[in-house]
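**Q** this is the structure alone, sequence omitted:
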């Protein structure tokens, strides 16, 4: 970086200019500015910075707004601004991981009664960052800086920020306070307010709660939860490689298709070793109602976060995403590569998906990500200097360092006079918890021969059958003669309710009004019955729903078609409580109505229908209403939420109940080791602290109860019988036993 582009140099230029004009601007004398030295965090170059007295610096920043004319910010919420920056010139993140699509450094500015900046950025984008912050503050004082993580890509500009905003209070934990003194020479101790787990900070309308997240992925990491807007600021968790390219929200791109690979590579290489610590944080987060997730890299999440959360749960428990093979090879003259190619072809012929990598060409970070994704691993390497070929050896050390668990492994080796790579690879990979070698190592000397093909066939069979035990099951022989069709009794006929999920039918909010009061509930039964003038629709409503009674009285209703953006909280509000007990519209911040005077839902909907009942049919458990359509409005283009989509993407996945085993937990990094006693000389394998840093954790056995769980709302009914009573109804959503399935909790 040329010196003139250094942020501190630019700062001096700006301050020297201000020195010349200050008497004119403020008509006030100025003493000789004080020269301080900063910019030493990287230990490679010092920069001097002109520092004016605190009151004068504040006046300069709050009055000379022209300094921040250029800015690039994004609105997250009405009072939350993204003030970070993209970096596309970085080629190697952390000096290790290639980032061909760049990276974003995220920082967020909350503009409440008190202003709050969440984290800073890497020094490479300091100029843009400070322009963005100044623009966002628009002359206001910066009251708080919340530091979640001290890694320099998020903390390198803290000292320069404090020079610019010297009256700022720094919010951090004790470990971050220690690291501030380690990274910077400027004494910030008098500006720091430390927090611990569960502490809160009120900024006016907003209330922040602080959540400790040690070793995700540094020991000092913490997160912040905004109770008001239900925002979780997650530090490096839920981040991804890649510049934002003008976007800010994950739903503005096809994240799961276009960005998931880079998100996986980011997680597995940077955080992957610390799965148990990530699980601890996920359990904390599960107790929070989260509407927005704001990470320090990548996109802000405001919808469909459950899909990404499910991936994090898989990665942090080392659960393969697919039953497939990651095959990496290291070859000098092509013979080992040929053996690997033959095996790959045989696996594909057996229907097994394969991802293949040349370790001399593909960076290790891509292969590590694939190893996390796949259930089975195959490594093929030539022997080199009586050891493993260097690129393969480096890869295996990397995989072992990331603590990948519970993988099935097969090995291929080559050695012209003394093949050793297979044994050495096995010695290394045996360190992985739960590693299982499912076949003998296949060895070639110099090049594959005819016998090698049989060995590779056997290896392909072993891998394929481990993935699919029924791969070679033969269908039953056809009967010799055509027999009479079997008689099926009525008792043998069953209706699987999950089959109905295959219908493409949607979810709607049904609303009506009686005597000036509004009512509403969730239905999944609206559809067009006849095409004509007027058009006719039908809806079916459970009779025990209060809204059904109200439609019988009013004779009219609106149907708001929900989109895939609809949050689970909307279904909870309209579907899991009764209008007999609560006014579902009491706190609504909207009052949109059709000409029939009935409310409709303006958000998360793409159309609304106004209808008049022309006929009703009592079906026993529900009533079928047939109605003419009197009015419609198209509200958006987002796709409608189908019933299947709701179950797959909107309804939260219930976390499994796990037992707490007896052991010891490190209070520094969260590492847990099973056992009643801890040796006096024990050292934490992660943070290297001794026994004194550990706390005893008693074992808690969780006894699972048998019962049934509601597929609509997730309510669990303990019940020790083959099925619920015929007249049973869910106390939350009022659905019957047909919408329950057996479960244990």
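**A** Sure thing, it's come through. In this text, all values refer to a predicted model and were calculated from it rather than measured experimentally.
**Q** every contact and neighbour count from this point should use C-alpha atoms.
**A** Will do.
**Q** in the stretch 601-745 of the chain, which spans are helices?
**A** 643-645 (DSSP state H, counting those that start in this stretch).
**Q** helix, strand, or coil at the residue nearest to residue 155 when sequence neighbours are not counted?
**A** Nearest residue to residue 155, sequence neighbours excluded (C-alpha to C-alpha, 6 or more residues apart in numbering): residue 120, at 5.5 Å. What DSSP: H, G, I helix; E, B strand; the rest coil gives for residue 120 is coil.
**Q** contact partners for residue 120?
**A** With contact taken as C-alpha atoms under 8 Å, 6 or more residues apart in numbering, residue 120 is in contact with 84, 106, 107, 129, 147, 154, 155, 156, 157, 158.
**Q** wasn't residue 579 part of a strand?
**A** No - looking at residue 579 with three-state DSSP, it is coil, so not inside a strand.
**Q** re earlier: most neighbours out of the contacts of residue 120, which is it?
**A** Using other C-alpha atoms under 10 Å as the neighbour test, the contacts of residue 120 are led by residue 106, with 30 neighbours.
**Q** right, and residue 557 touches residue 600 too?
**A** No - between residue 557 and residue 600 there is no contact under C-alpha atoms under 8 Å: 9.4 Å.
**Q** what do those two both touch?
**A** Common contact partners of residue 557 and residue 600 (C-alpha under 8 Å, 6+ apart): residue 511.
**Q** measure the spatially closest residue to residue 467 that is not a sequence neighbour to residue 373 for me?
**A** Residue nearest to residue 467 in three dimensions, not counting chain neighbours: residue 323, with 6.2 Å by C-alpha to C-alpha, 6+ apart. Separation of residue 323 from residue 373 (C-alpha to C-alpha, to the nearest Å): 9 Å.
**Q** between these two, point out the one with more neighbours.
**A** Shown here are residue 323 and residue 373; by other C-alpha under 10 Å, residue 373 has more neighbours (26 against 16).
**Q** secondary structure class for the closest residue to residue 80 other than its chain neighbours?
**A** Spatial nearest neighbour of residue 80, excluding adjacent residues (C-alpha to C-alpha, 6+ apart): residue 110 at 4.6 Å. Three-state call for residue 110 (three-state DSSP): strand.
**Q** pull the contacting residues for residue 110.
**A** Residues in contact with residue 110 (C-alpha under 8 Å, 6+ apart) are 79, 80, 81, 116, 117, 118.
**Q** among those, name the buried ones.
**A** Neighbour-count burial (16 or more other C-alpha atoms under 10 Å) applied to these gives 80, 81, 116, 117, 118.
**Q** which of these sits closest to residue 550?
**A** Nearest to residue 550 among the buried ones among the contacts of residue 110 is residue 80, at 41.1 Å by C-alpha to C-alpha.
**Q** state the distance from the closest one to residue 108.
**A** 7 Å.
**Q** what's around residue 228, how many residues?
**A** The burial count for residue 228: 10, using other C-alpha under 10 Å.
**Q** next one: residue 672
**A** If we define neighbours as other C-alpha under 10 Å, then residue 672 has 20 of them.
**Q** residue 466 sits in which helix or strand?
**A** According to DSSP states H and E, residue 466 maps onto helix 450-467.
**Q** what about the helices in the stretch 201-350 of the chain?
**A** For the stretch 201-350 of the chain, the helices defined by DSSP H, counting those that start in this stretch cover 260-266, 275-286, 305-316, 335-349.
**Q** if you count neighbours, what's buried in the third one?
**A** Neighbour-count burial for helix 305-316 flags 305, 306, 308, 311, 312, 313, 314, 315, 316 (criterion: 16+ other C-alpha under 10 Å).
**Q** list the contacts of residue 264.
**A** Contacts of residue 264 (C-alpha under 8 Å, 6+ apart): 240, 369.
**Q** please renumber the chain so that the first residue is 397 from this point on.
**A** Happy to do that; since the first residue is 397 now, the last one works out to residue 660.
**Q** could you measure it against residue 672, distance?
**A** Relative to residue 672, and taking C-alpha to C-alpha, residue 660 is found at 17 Å.
**Q** give me the phi and psi angles of the closest residue to residue 861 other than its chain neighbours.
**A** By the measure of C-alpha to C-alpha, 6+ apart, the closest residue to residue 861 outside its immediate chain neighbours is residue 867, 6.2 Å from it. Backbone geometry at residue 867, expressed as degrees, to the nearest 10, gives phi -60, psi -40.
**Q** ok so, going back, how close does the residue nearest to residue 863 get to residue 770?
**A** Distance, residue 719 to residue 770, using C-alpha to C-alpha: 6 Å.
**Q** for residue 1104, same thing?
**A** 33 Å.
**Q** which of the two has more neighbours?
**A** When residue 1104 and residue 770 are compared for neighbours, residue 1104 comes out ahead with 25 against 22, by other C-alpha under 10 Å.
**Q** quick one: contacts for the more buried one?
**A** So residue 1104 contacts 1112, 1113, 1114, 1115, 1120, 1136, 1137, 1138, 1139, 1140 (C-alpha under 8 Å, 6+ apart).
**Q** so which of these comes closest to residue 822?
**A** residue 1140 (39.3 Å).
**Q** helix or strand for the closest residue in space to residue 518 that isn't next to it in sequence, which one?
**A** Closest residue to residue 518 apart from its sequence neighbours, by C-alpha to C-alpha, 6+ apart: residue 549 at 4.0 Å. Using DSSP H and E, residue 549 sits within helix 548-551.
**Q** which strands and helices lie in contact with that helix?
**A** Using 3 or more C-alpha pairs under 8 Å, 6 or more residues apart in numbering; DSSP states H and E as the contact test, no helix or strand touches helix 548-551.
**Q** hmm, residue 783 is touching residue 818, no?
**A** No - at 9.3 Å, residue 783 does not count as touching residue 818 under the criterion of C-alpha under 8 Å.
**Q** which one's more surrounded, these two?
**A** The residue with more neighbours, out of residue 783 and residue 818, is residue 818; 25 against 19, by other C-alpha under 10 Å.
**Q** helix, strand or coil for the closest residue to that one other than its chain neighbours?
**A** Nearest non-adjacent residue to residue 818, counting by C-alpha to C-alpha, 6+ apart: residue 809, 5.1 Å away. Under three-state DSSP, residue 809 falls in the strand class.
**Q** in this structure residue 809 contacts residue 822, no?
**A** No - taking contacts as C-alpha under 8 Å, residue 809 lies outside contact range of residue 822: 10.8 Å.
**Q** who has more neighbours out of the two?
**A** A side-by-side neighbour count of residue 809 and residue 822, using other C-alpha under 10 Å, places residue 809 first with 28 against 18.
**Q** domain map for this protein?
**A** Following automatic domain parsing, the chain resolves into domains at 399-711, 718-863, 894-1044, 1059-1093, 1102-1140.
**Q** start and end of stretch 789-808, how far apart?
**A** Length of stretch 789-808, first residue to last, C-alpha to C-alpha: 14 Å.
**Q** what sits up against that stretch?
**A** Applying C-alpha under 8 Å, 6+ apart, the set of residues contacting stretch 789-808 is 664-665, 668-670, 714, 736, 755, 760, 764, 768, 771-777, 818, 821-822, 824-825, 827-839, 855.
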